[in-house]
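Trainee: Sequence and predicted model, in that order:
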Amino acid sequence: MIKYSIKCDDCKFNFDSWFASSEEFEKIKKSKLLTCSFCNSLNVNKSLMTPNLNKTKKKQAIINDEKIKKFKEIKKNLKKYQNFIEKNYNYVGNNFAYEARNIHYNKNEKNFAKGIFGKATKKEIKELKEEGIDTETIPWINNKEN
Ligand SMILES: [Zn+2]
């Protein structure tokens, strides 16, 4: 079975119709049995594209565009946030958990005043939290990525 999208040239009505094969479609059309289901005109033809499928694809493309746009926006905001952190906090690299404890227990006044940022594992963050040290995690964008 083949589904054709049929278009009426007289009233511009579009409708779908099923045929056993493309030959059958031609046969029916030649014997003037194919008529517009709206105005009964014989002036009907296959349209080249299936409109529904096309619409779905277009919609999908729009959704993808929006997703990319949103992602770029989030990335831009993260970047701003990142720049702010880089400017205003001391980078401690992998020593984050260690330095966070130092601050918490008042062992490093310099870092305490400025605040720190760095890398920590999930386990370290959990341990810090258990000690009452609050941390904030943000996804970090590598500068090389752009
Ligand atoms: Zn028609």
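Mentor: Noted; the coordinates are in hand.
Trainee: which parts of the helix or strand containing Lys79 are buried?
Mentor: For Lys79, the enclosing helix or strand under DSSP states H and E is helix 51-88. For helix 51-88, burial by neighbour count (16 or more other Cβ atoms under 10 Å) applies to Gln82, Ile85. For every residue, glycine as well, the C-beta is placed using N, CA and C.
Trainee: pLDDT of it, averaged?
Mentor: Per-region confidence: helix 51-88 scores 80 on mean pLDDT.
Trainee: Give the other helices and strands that the next helix-or-strand element following that helix contacts.
Mentor: Under the assignment DSSP H and E, the closest C-terminal helix or strand after helix 51-88 is strand 90-93. When contacts are defined as 3 or more Cβ pairs under 8 Å, 6 or more residues apart in numbering; DSSP states H and E, strand 90-93 packs onto helix 96-104, helix 109-114, strand 116-118.
Trainee: and Pro139, which of the ones you listed is closest to it?
Mentor: Pro139 lies closest to strand 116-118 among the helices and strands packed on strand 90-93, at 13.1 Å (Cβ to Cβ).
Trainee: So in that sheet, which strands flank the closest one, and in what orientation?
Mentor: Each strand that pairs with strand 116-118, with its direction, by DSSP bridges: strand 90-93 (parallel).
Trainee: Run through the residues of this protein sitting next to the ion.
Mentor: Cys8, Asp10, Cys11, Phe13, Cys36, Phe38, Cys39, Ser41 (Cβ under 5 Å from the ion).
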